[in-house]
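Engineer: Predicted model, plus sequence, below.
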Number of protein chains: 2
Amino acid sequence: MTKALVLFSGGQDSTTCLAWALEKYDEVTALTFDYGQRHRVEILQSYKVAELAGVKHDVMKIDLFSKMSKNALTHDVEIDPGGNGNLPSTFVPGRNLLFLSLATIKAYQLGMSDVITGVCQTDYSGYPDCRDDFIQSLQKSCSLALDKEMTIHTPLMFMTKAETVEMINKHGKLDWLAESHTCYEGQRPACAKCPACLLRLKGFAEAGMKDPLPYL
Amino acid sequence: MTKALVLFSGGQDSTTCLAWALEKYDEVTALTFDYGQRHRVEILQSYKVAELAGVKHDVMKIDLFSKMSKNALTHDVEIDPGGNGNLPSTFVPGRNLLFLSLATIKAYQLGMSDVITGVCQTDYSGYPDCRDDFIQSLQKSCSLALDKEMTIHTPLMFMTKAETVEMINKHGKLDWLAESHTCYEGQRPACAKCPACLLRLKGFAEAGMKDPLPYL
């Protein structure tokens, strides 16, 4: 029986990864980190999507980031979308380094060797730990650390947001996206104005499909 | 001004690294992880050594391991020294992967690019994440994740325990080892019988020096 662990934030990309993984593996576990996100609705929606998908769902509470840094995801500061070579204010240095290391160790503990993450370098917004060269390097580091060949799959790495929409639609799970959370402002219906909502809506527009998520 | 972060458990090896770092850098910070060690004396002794050394000391409480695994360091099970190809029962899979990732992110946050750890592959006891190939790989992963050239120094990597004793003695800090904690049984005076005490005593014997630590 094949088994895999999906790093699952409850957002559009990791929901798409869940659909992808369920076609490839016999047993899929979704792992969500409760790290003090500013908007608790993200955690709530992750439960809803996991239930729709019918997968095991493990929510791991970690308080590392609140100790490591102050940033827009965990503190009430204004969202800066970045650009002009600046990192967006949502940047937590090394966030994926920690998330992926923890997920890979967790997978190892569960007797798995496959971890799936929705990181994507196409809409690269200044996060160095979403790039393919980092993932390749970390996969090697984790394999060496655990003395077991671990694989970190990134099915969305080189896809546009439109292609990601097409992928989940192809898997017949477009309706799951009605419960996935994207809005930086934490709103449901979503605000349709923040950078995250705009990126999501642009992807649907380019794919020529309607987002099942309600917007204001 | 040069600055560095020393991963500091309060044991013999990281105490030696502290002495090493203080000769190389203008400002040294010691980082101790309070991860639910079975013996609280380890944390206490780390405070004592850091005070002797006169360095900044940051103790970061993390509850990850108690969630990730059950093992001899955090639970009350019998110590198995390993051997015969078995990992010792003190093994926490990926422990150094997490410690070093966290330390490197912390160093980055403090504006440093140098992290020092006392891992050693000479007295390699089955921990894959103490080996040089792992450290080299993780250094690359961290640098990519943070988009900054980070260096993980391992001054003890290829040393015997005797050479480690000689190193701290050369730096004139042998007396610090009176406060460093090694004993797996958590005893002070140390038990002189557990694998950790025996390895330490062997190192001193081979270096022809007397351990300032009191033994039973």
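Structural biologist: Structure received. Note that the coordinates shown come from a computational prediction; the quantities given were computed from them, not determined experimentally.
Engineer: switch to C-alpha atoms for all contacts and neighbour counts from now on
Structural biologist: Fine.
Engineer: and the residue sitting furthest away from the middle of chain A, what is it in contact with?
Structural biologist: Distance to the chain centre peaks in chain A at A:Asp147, reaching 26.4 Å (criterion: CA atoms, centre = their mean). Taking CA atoms under 8 Å, 6 or more residues apart in numbering or on different chains, we find A:Asp147 in contact with B:Pro128.
Engineer: Spell out, range by range, the strands that occur in chain A.
Structural biologist: Ranges of strands in chain A, per DSSP state E, are A:3-7, A:27-34, A:56-61, A:114-116, A:151-153.
Engineer: Just send these back as TSV, with distance to B:Lys3, mean neighbour count and mean pLDDT too.
Structural biologist: Output for the strands of chain A, formatted as TSV (distance: least, CA to CA, whole Å; neighbours: other CA atoms under 10 Å in any protein chain shown; pLDDT from 0 to 100):
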stretch	distance to B:Lys3	mean neighbour count	mean pLDDT
strand A:3-7	35	25	98
strand A:27-34	32	21	96
strand A:56-61	32	16	93
strand A:114-116	36	24	98
strand A:151-153	34	20	98
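Engineer: Near chain B, which residues of chain A are found?
Structural biologist: Contact residues, chain A versus chain B (CA under 8 Å from any CA of the partner chain): A:62-64, A:68-69, A:93-94, A:96-98, A:101-102, A:105-106, A:109, A:128-130, A:133-134, A:137-138, A:140-142, A:144-147.
Engineer: Buried subset of the residues you listed, written for ChimeraX?
Structural biologist: Selection of buried members from the residues of chain A next to chain B for ChimeraX, criterion 16 or more other CA atoms under 10 Å in any protein chain shown:
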select /A:63,64,69,93,94,96,97,98,101,102,105,106,128,129,130,134,137,138,140,141,142,144,145,146,147
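Engineer: Just the ones of the residues of chain A next to chain B in helices?
Structural biologist: Among the residues of chain A next to chain B, the ones falling in helices (DSSP state H) are A:64, A:68, A:96-98, A:101-102, A:105-106, A:109, A:133-134, A:137-138, A:140-142, A:144-146.
Engineer: sorry, back to before: so which of the strands of chain A is nearest A:Lys193?
Structural biologist: strand A:27-34 (25.4 Å; CA to CA).
Engineer: which strands and helices sit next to that closest one?
Structural biologist: For strand A:27-34, the elements it packs on are strand A:3-7, helix A:12-24, helix A:41-53, strand A:56-61, judged by 3 or more CA pairs under 8 Å, 6 or more residues apart in numbering or on different chains; DSSP states H and E.
Engineer: what comes into contact with it?
Structural biologist: A:1-10, A:18, A:21-22, A:43, A:46, A:50, A:55-62, A:99, A:103.
Engineer: That strand to helix A:41-53, inter-axis angle?
Structural biologist: Angle, strand A:27-34 to helix A:41-53, by axes from the mean of the first three to the mean of the last three CA atoms, to 10 degrees: 170 degrees.
Engineer: and the angle from strand A:27-34 to strand A:56-61?
Structural biologist: Put simply, strand A:27-34 runs at 20 degrees to strand A:56-61, going by the same axes, to 10 degrees.
Engineer: next one: strand A:27-34 to chain centre, how far?
Structural biologist: The chain centroid and the centroid of strand A:27-34 are separated by 11 Å under CA atoms, centre = their mean, to the nearest Å.
Engineer: Neighbouring strands of that strand in the sheet, and parallel or not?
Structural biologist: strand A:3-7 (parallel), strand A:56-61 (parallel) (DSSP bridges).
Engineer: want to try CSV for these, with distance to A:Trp176 as columns?
Structural biologist: Output for these, formatted as CSV (distance: least, CA to CA, whole Å):
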stretch, distance to A:Trp176
strand A:3-7, 16
strand A:56-61, 15
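Engineer: Any regions of chain A where pLDDT drops low?
Structural biologist: For chain A, the stretches with pLDDT under 70 are A:66-67, A:69-91, A:123-126.
Engineer: try it again with 80
Structural biologist: Along chain A, the parts satisfying pLDDT under 80 run over A:38, A:63-92, A:123-126.
Engineer: got the contact list for the closest residue in space to A:Arg95 that isn't next to it in sequence?
Structural biologist: Spatial nearest neighbour of A:Arg95, chain neighbours left out: A:Asp129 (7.6 Å); criterion: CA to CA, 6 or more residues apart in numbering or on different chains. Going by CA under 8 Å, 6+ apart, A:Asp129 touches A:Gly94, A:Arg95, A:Asn96, A:Leu97, A:Ile135, B:Leu144, B:Ala145, B:Leu146.
Engineer: Just confirm A:Arg131 contacts A:Ser137, I think it does.
Structural biologist: No - assessed by CA atoms under 8 Å, A:Arg131 is found out of contact with A:Ser137, at 10.2 Å.
Engineer: now, among the contacts of A:Asp129, which is nearest to B:Ala205?
Structural biologist: A:Leu97 (41.5 Å).
Engineer: Just list the residues touching that closest one, thanks.
Structural biologist: Residues counted as contacts of A:Leu97 (CA under 8 Å, 6+ apart) are A:Asp129, A:Leu138, B:Ser101, B:Ser141, B:Cys142, B:Ala145.
Engineer: try it again with 10 Å
Structural biologist: A:103, A:128-130, A:134-135, A:138, B:98, B:101-102, B:105, B:141-142, B:144-146 (CA atoms under 10 Å, 6 or more residues apart in numbering or on different chains).
Engineer: Could you do A:Leu198 as well?
Structural biologist: Contacts of A:Leu198 by CA under 10 Å, 6+ apart are A:Thr182, A:Cys183, A:Cys191, A:Ala192.
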